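> Need a 3D model of the sequence below.
(chains A and B)
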Amino acid sequence: MSAEPHYTLYHPRWYRRRVSVWWWLQNRSYTRFVLRELTSVFVAFFAGLYLWQLHAIAQGPEAYGQFLVRLKTPFFLTVDAVAFFFVLFHAITWFNLTPKAMVVRLRGKRVPDWVVVGSNYAAWLVVSGAVALVLLRG
Amino acid sequence: MVERITPLLWLLFSAGGTVAALLFPVHLFLTGLAFPLGWLEAPRQEFLHRLLTHPVTRLYVLVLISLPLFHWAHRFRYTLYDGLQLKHLTTLIAVLCYGAALGGTAMTAYLLWTIR
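So this is what the prediction gives:
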(Lines give C-alpha, C1' and ligand atoms only; values in the text may rest on other atoms or scores of the structure.)
Protein backbone atom coordinates (compact mmCIF):
# COMPACT_ATOMS: atom_id res chain seq x y z
CA MET A 1 0.00 0.00 0.00
CA SER A 2 2.71 2.45 -0.94
CA ALA A 3 0.86 4.02 -3.87
CA GLU A 4 0.51 7.76 -3.58
CA PRO A 5 -3.04 8.94 -3.28
CA HIS A 6 -4.22 10.76 -6.40
CA TYR A 7 -5.64 14.23 -5.78
CA THR A 8 -7.53 16.21 -8.32
CA LEU A 9 -7.45 19.98 -8.14
CA TYR A 10 -10.77 21.48 -7.25
CA HIS A 11 -12.72 23.12 -9.96
CA PRO A 12 -16.47 23.39 -10.43
CA ARG A 13 -17.86 20.59 -12.50
CA TRP A 14 -18.42 21.66 -16.06
CA TYR A 15 -21.83 21.24 -17.48
CA ARG A 16 -21.58 20.22 -21.06
CA ARG A 17 -24.43 18.84 -23.03
CA ARG A 18 -23.36 16.09 -25.33
CA VAL A 19 -23.81 17.15 -28.94
CA SER A 20 -23.99 14.58 -31.68
CA VAL A 21 -21.32 14.67 -34.38
CA TRP A 22 -24.22 15.05 -36.81
CA TRP A 23 -25.53 18.26 -35.21
CA TRP A 24 -25.40 20.04 -38.54
CA LEU A 25 -27.99 17.74 -40.13
CA GLN A 26 -30.78 18.87 -37.81
CA ASN A 27 -31.17 22.30 -39.34
CA ARG A 28 -30.99 23.33 -42.96
CA SER A 29 -28.84 26.40 -42.45
CA TYR A 30 -26.37 24.39 -40.36
CA THR A 31 -26.18 21.87 -43.19
CA ARG A 32 -25.51 24.64 -45.68
CA PHE A 33 -22.81 25.98 -43.39
CA VAL A 34 -21.03 22.64 -43.10
CA LEU A 35 -21.36 21.95 -46.83
CA ARG A 36 -19.82 25.36 -47.48
CA GLU A 37 -16.97 24.54 -45.13
CA LEU A 38 -16.50 21.21 -46.89
CA THR A 39 -15.96 22.94 -50.24
CA SER A 40 -12.39 23.39 -49.04
CA VAL A 41 -11.82 19.65 -49.43
CA PHE A 42 -12.64 19.87 -53.12
CA VAL A 43 -10.53 23.00 -53.46
CA ALA A 44 -7.61 20.98 -52.11
CA PHE A 45 -8.53 18.07 -54.39
CA PHE A 46 -8.29 20.28 -57.43
CA ALA A 47 -5.01 21.83 -56.28
CA GLY A 48 -3.71 18.25 -56.03
CA LEU A 49 -5.04 17.43 -59.49
CA TYR A 50 -3.24 20.43 -60.96
CA LEU A 51 -0.06 19.47 -59.15
CA TRP A 52 -0.37 16.04 -60.72
CA GLN A 53 -0.87 17.59 -64.14
CA LEU A 54 2.17 19.80 -63.59
CA HIS A 55 4.18 16.68 -62.75
CA ALA A 56 2.95 14.97 -65.94
CA ILE A 57 3.82 18.00 -68.08
CA ALA A 58 7.30 18.13 -66.53
CA GLN A 59 7.84 14.43 -67.28
CA GLY A 60 7.01 14.67 -70.96
CA PRO A 61 4.38 13.95 -73.64
CA GLU A 62 3.97 10.29 -72.64
CA ALA A 63 3.23 11.00 -68.98
CA TYR A 64 0.91 13.80 -69.98
CA GLY A 65 -0.95 11.44 -72.33
CA GLN A 66 -1.37 8.97 -69.49
CA PHE A 67 -2.68 11.76 -67.29
CA LEU A 68 -5.31 12.63 -69.91
CA VAL A 69 -6.33 8.97 -70.22
CA ARG A 70 -6.61 8.64 -66.45
CA LEU A 71 -8.96 11.60 -66.28
CA LYS A 72 -11.34 9.82 -68.66
CA THR A 73 -12.01 7.00 -66.20
CA PRO A 74 -15.48 6.98 -64.59
CA PHE A 75 -13.91 7.46 -61.18
CA PHE A 76 -12.24 10.74 -62.05
CA LEU A 77 -15.19 11.95 -64.12
CA THR A 78 -17.49 11.40 -61.15
CA VAL A 79 -15.18 13.01 -58.60
CA ASP A 80 -14.47 15.92 -60.94
CA ALA A 81 -18.18 16.51 -61.51
CA VAL A 82 -18.88 16.53 -57.76
CA ALA A 83 -15.82 18.71 -57.15
CA PHE A 84 -16.99 21.12 -59.84
CA PHE A 85 -20.30 21.68 -58.07
CA PHE A 86 -18.62 22.18 -54.70
CA VAL A 87 -16.10 24.62 -56.18
CA LEU A 88 -18.98 26.47 -57.82
CA PHE A 89 -20.75 26.58 -54.46
CA HIS A 90 -17.59 27.97 -52.92
CA ALA A 91 -17.28 30.65 -55.61
CA ILE A 92 -20.90 31.79 -55.29
CA THR A 93 -20.92 31.88 -51.47
CA TRP A 94 -17.52 33.60 -51.51
CA PHE A 95 -18.61 36.34 -53.92
CA ASN A 96 -21.86 36.92 -52.07
CA LEU A 97 -20.01 37.21 -48.78
CA THR A 98 -17.48 39.87 -49.77
CA PRO A 99 -19.65 42.95 -49.04
CA LYS A 100 -20.20 41.56 -45.53
CA ALA A 101 -16.48 40.95 -44.96
CA MET A 102 -15.25 44.17 -46.52
CA VAL A 103 -16.98 47.54 -46.64
CA VAL A 104 -15.92 49.54 -49.70
CA ARG A 105 -16.22 53.31 -49.59
CA LEU A 106 -16.08 55.71 -52.50
CA ARG A 107 -15.93 59.47 -51.76
CA GLY A 108 -17.03 58.80 -48.21
CA LYS A 109 -20.10 56.86 -49.28
CA ARG A 110 -20.55 53.16 -48.82
CA VAL A 111 -20.70 51.29 -52.08
CA PRO A 112 -23.95 49.26 -52.15
CA ASP A 113 -23.63 45.51 -51.64
CA TRP A 114 -24.96 44.61 -55.06
CA VAL A 115 -22.23 46.65 -56.74
CA VAL A 116 -19.50 44.80 -54.82
CA VAL A 117 -21.09 41.42 -55.55
CA GLY A 118 -21.74 42.37 -59.15
CA SER A 119 -18.14 43.42 -59.77
CA ASN A 120 -17.03 40.08 -58.34
CA TYR A 121 -19.15 38.21 -60.85
CA ALA A 122 -17.96 40.47 -63.65
CA ALA A 123 -14.32 39.79 -62.72
CA TRP A 124 -15.13 36.08 -62.56
CA LEU A 125 -16.55 36.15 -66.08
CA VAL A 126 -13.59 38.06 -67.53
CA VAL A 127 -10.95 35.93 -65.81
CA SER A 128 -12.68 32.66 -66.73
CA GLY A 129 -12.91 33.75 -70.35
CA ALA A 130 -9.23 34.68 -70.42
CA VAL A 131 -8.17 31.32 -68.94
CA ALA A 132 -10.35 29.42 -71.42
CA LEU A 133 -8.99 31.48 -74.31
CA VAL A 134 -5.38 30.64 -73.40
CA LEU A 135 -5.99 26.93 -72.74
CA LEU A 136 -8.06 26.41 -75.89
CA ARG A 137 -5.33 27.85 -78.09
CA GLY A 138 -3.14 24.82 -77.51
CA MET B 1 3.22 29.61 -32.37
CA VAL B 2 0.02 28.96 -34.35
CA GLU B 3 -1.69 31.71 -32.35
CA ARG B 4 1.03 34.23 -33.11
CA ILE B 5 0.78 33.81 -36.87
CA THR B 6 -3.03 33.63 -36.91
CA PRO B 7 -3.47 36.99 -38.75
CA LEU B 8 -1.17 35.74 -41.51
CA LEU B 9 -3.13 32.49 -41.72
CA TRP B 10 -6.40 34.41 -42.09
CA LEU B 11 -4.82 36.49 -44.84
CA LEU B 12 -3.73 33.37 -46.70
CA PHE B 13 -7.20 31.91 -46.16
CA SER B 14 -8.97 34.82 -47.79
CA ALA B 15 -6.40 35.26 -50.57
CA GLY B 16 -6.63 31.54 -51.35
CA GLY B 17 -10.41 31.63 -51.19
CA THR B 18 -10.50 34.45 -53.72
CA VAL B 19 -8.08 32.68 -56.07
CA ALA B 20 -10.09 29.45 -55.82
CA ALA B 21 -13.39 31.25 -56.37
CA LEU B 22 -12.18 33.18 -59.41
CA LEU B 23 -10.08 30.53 -61.11
CA PHE B 24 -10.98 27.02 -60.00
CA PRO B 25 -14.41 26.69 -61.63
CA VAL B 26 -13.10 27.35 -65.14
CA HIS B 27 -9.96 25.22 -64.69
CA LEU B 28 -11.89 22.35 -63.15
CA PHE B 29 -14.60 22.53 -65.78
CA LEU B 30 -12.08 22.37 -68.62
CA THR B 31 -9.55 19.91 -67.19
CA GLY B 32 -11.96 17.67 -65.30
CA LEU B 33 -15.01 17.62 -67.58
CA ALA B 34 -14.79 19.35 -70.96
CA PHE B 35 -11.45 17.82 -72.05
CA PRO B 36 -11.96 14.24 -70.82
CA LEU B 37 -15.51 14.12 -72.17
CA GLY B 38 -14.35 15.37 -75.55
CA TRP B 39 -16.48 18.52 -75.54
CA LEU B 40 -13.35 20.55 -76.19
CA GLU B 41 -9.89 19.56 -77.27
CA ALA B 42 -7.26 19.28 -74.54
CA PRO B 43 -4.09 21.33 -75.05
CA ARG B 44 -1.03 19.39 -76.17
CA GLN B 45 1.91 18.80 -73.85
CA GLU B 46 4.32 20.84 -75.99
CA PHE B 47 2.02 23.85 -75.75
CA LEU B 48 1.63 23.64 -71.97
CA HIS B 49 5.34 23.00 -71.54
CA ARG B 50 6.20 26.08 -73.58
CA LEU B 51 3.60 28.08 -71.65
CA LEU B 52 5.22 27.04 -68.38
CA THR B 53 8.64 28.31 -69.37
CA HIS B 54 7.29 31.86 -69.19
CA PRO B 55 7.85 33.53 -65.79
CA VAL B 56 4.31 34.96 -65.67
CA THR B 57 2.74 31.52 -66.15
CA ARG B 58 5.05 30.03 -63.55
CA LEU B 59 3.99 32.62 -61.01
CA TYR B 60 0.37 32.08 -62.01
CA VAL B 61 0.58 28.30 -61.45
CA LEU B 62 2.39 28.72 -58.14
CA VAL B 63 -0.32 31.10 -56.90
CA LEU B 64 -3.06 28.91 -58.37
CA ILE B 65 -1.94 25.84 -56.42
CA SER B 66 -0.36 27.28 -53.29
CA LEU B 67 -2.84 29.87 -52.02
CA PRO B 68 -5.94 27.64 -52.33
CA LEU B 69 -4.06 24.95 -50.40
CA PHE B 70 -3.64 27.39 -47.52
CA HIS B 71 -7.29 28.29 -47.87
CA TRP B 72 -8.13 24.60 -47.53
CA ALA B 73 -5.77 24.14 -44.58
CA HIS B 74 -7.40 26.94 -42.64
CA ARG B 75 -11.00 26.11 -43.39
CA PHE B 76 -10.62 22.35 -43.03
CA ARG B 77 -8.88 22.82 -39.71
CA TYR B 78 -11.93 24.58 -38.29
CA THR B 79 -14.28 22.11 -39.98
CA LEU B 80 -12.57 19.32 -38.07
CA TYR B 81 -12.73 21.24 -34.79
CA ASP B 82 -16.40 22.12 -35.04
CA GLY B 83 -17.77 19.42 -37.27
CA LEU B 84 -16.15 16.41 -35.69
CA GLN B 85 -15.55 18.01 -32.28
CA LEU B 86 -11.82 17.32 -32.28
CA LYS B 87 -10.83 20.29 -30.14
CA HIS B 88 -8.40 18.20 -28.14
CA LEU B 89 -6.29 17.53 -31.26
CA THR B 90 -5.76 21.23 -32.03
CA THR B 91 -1.99 21.16 -32.49
CA LEU B 92 -1.83 17.91 -34.44
CA ILE B 93 -4.55 19.04 -36.89
CA ALA B 94 -2.93 22.45 -37.38
CA VAL B 95 0.47 20.90 -38.07
CA LEU B 96 -0.98 18.38 -40.54
CA CYS B 97 -3.10 20.94 -42.41
CA TYR B 98 -0.56 23.73 -42.76
CA GLY B 99 2.19 21.16 -43.26
CA ALA B 100 0.33 19.70 -46.24
CA ALA B 101 -0.17 23.19 -47.69
CA LEU B 102 3.54 23.97 -47.25
CA GLY B 103 4.46 20.61 -48.78
CA GLY B 104 2.21 21.22 -51.79
CA THR B 105 3.72 24.65 -52.27
CA ALA B 106 7.26 23.27 -52.11
CA MET B 107 6.37 20.53 -54.60
CA THR B 108 4.85 23.05 -57.02
CA ALA B 109 7.91 25.28 -56.76
CA TYR B 110 10.21 22.31 -57.31
CA LEU B 111 8.29 21.06 -60.37
CA LEU B 112 8.22 24.53 -61.86
CA TRP B 113 11.95 24.76 -61.27
CA THR B 114 12.55 21.49 -63.16
CA ILE B 115 10.56 22.67 -66.18
CA ARG B 116 12.89 24.49 -68.50
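
> so, in contact with chain B or not, whichever helix in chain A runs longest?
Longest helix in chain A by number of residues (criterion: DSSP state H): helix A:28-59. Yes - residues of helix A:28-59 contacting chain B under C-beta under 8 Å from any C-beta of the partner chain: A:34, A:37-41, A:43-44, A:46-51, A:53-58. Yep, even glycine has a C-beta here, placed from its N, CA and C like the rest.

> Which residue ranges of chain A form helices?
A:28-59, A:61-71, A:74-101, A:113-135.

> got CSV for the ones you listed, with mean neighbour count too?
Rendered in CSV, the data for these read as follows (neighbours: other C-beta atoms under 10 Å in any protein chain shown):
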stretch, mean neighbour count
helix A:28-59, 19
helix A:61-71, 15
helix A:74-101, 17
helix A:113-135, 14
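
> In a markdown table, list those helices along with mean pLDDT.
Shown next, in a markdown table, are the helices of chain A (pLDDT from 0 to 100):
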| stretch | mean pLDDT |
| --- | --- |
| helix A:28-59 | 95 |
| helix A:61-71 | 97 |
| helix A:74-101 | 95 |
| helix A:113-135 | 95 |
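
> Reformat these into TSV and put distance to residue B:52 next to each item.
What follows is the helices of chain A, written out as TSV (distance: least, C-beta to C-beta, whole Å):
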stretch	distance to residue B:52
helix A:28-59	6
helix A:61-71	12
helix A:74-101	22
helix A:113-135	12
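
> which ones are touching residue A:47?
B:64, B:65, B:68, B:69, B:72, B:104 (C-beta atoms under 8 Å, 6 or more residues apart in numbering or on different chains).

> And the average pLDDT for the strand or helix carrying the third one is what?
Using DSSP states H and E, residue B:68 sits in helix B:55-83. Regarding helix B:55-83, the rounded mean pLDDT is 93.

> That helix - contacts with which helices or strands?
helix A:28-59, helix B:6-28, helix B:90-114 (3 or more C-beta pairs under 8 Å, 6 or more residues apart in numbering or on different chains; DSSP states H and E).

> ok, residue A:16 - how many residues close by?
6 (other C-beta atoms under 10 Å in any protein chain shown).

> Can you give me the distance of it to residue B:92?
Per C-beta to C-beta, to the nearest Å, residue A:16 is found 22 Å from residue B:92.

> Residue B:30 now?
Relative to residue B:92, and taking C-beta to C-beta, residue B:30 is found at 37 Å.

> who has more neighbours, those two?
Counted by other C-beta under 10 Å, residue B:30 and residue B:92 do not tie: residue B:30 has more neighbours, with 20 against 10.

> For the more buried one, which non-adjacent residue is closest in space?
Nearest in space to residue B:30, with sequence neighbours left out and distances taken as C-beta to C-beta, 6 or more residues apart in numbering or on different chains, is residue A:135 at 5.8 Å.

> In this structure that neighbour contacts residue B:43, no?
Yes - the pair residue A:135 / residue B:43 is scored as a contact, 5.6 Å apart, by C-beta atoms under 8 Å.

> list residues touching both of the two?
By C-beta under 8 Å, 6+ apart, no residue touches both residue A:135 and residue B:43.

> Helix, strand, or coil at residue B:4?
coil (DSSP: H, G, I helix; E, B strand; the rest coil).

> Can you read off the pLDDT for it?
Residue B:4 is given a pLDDT of 83.
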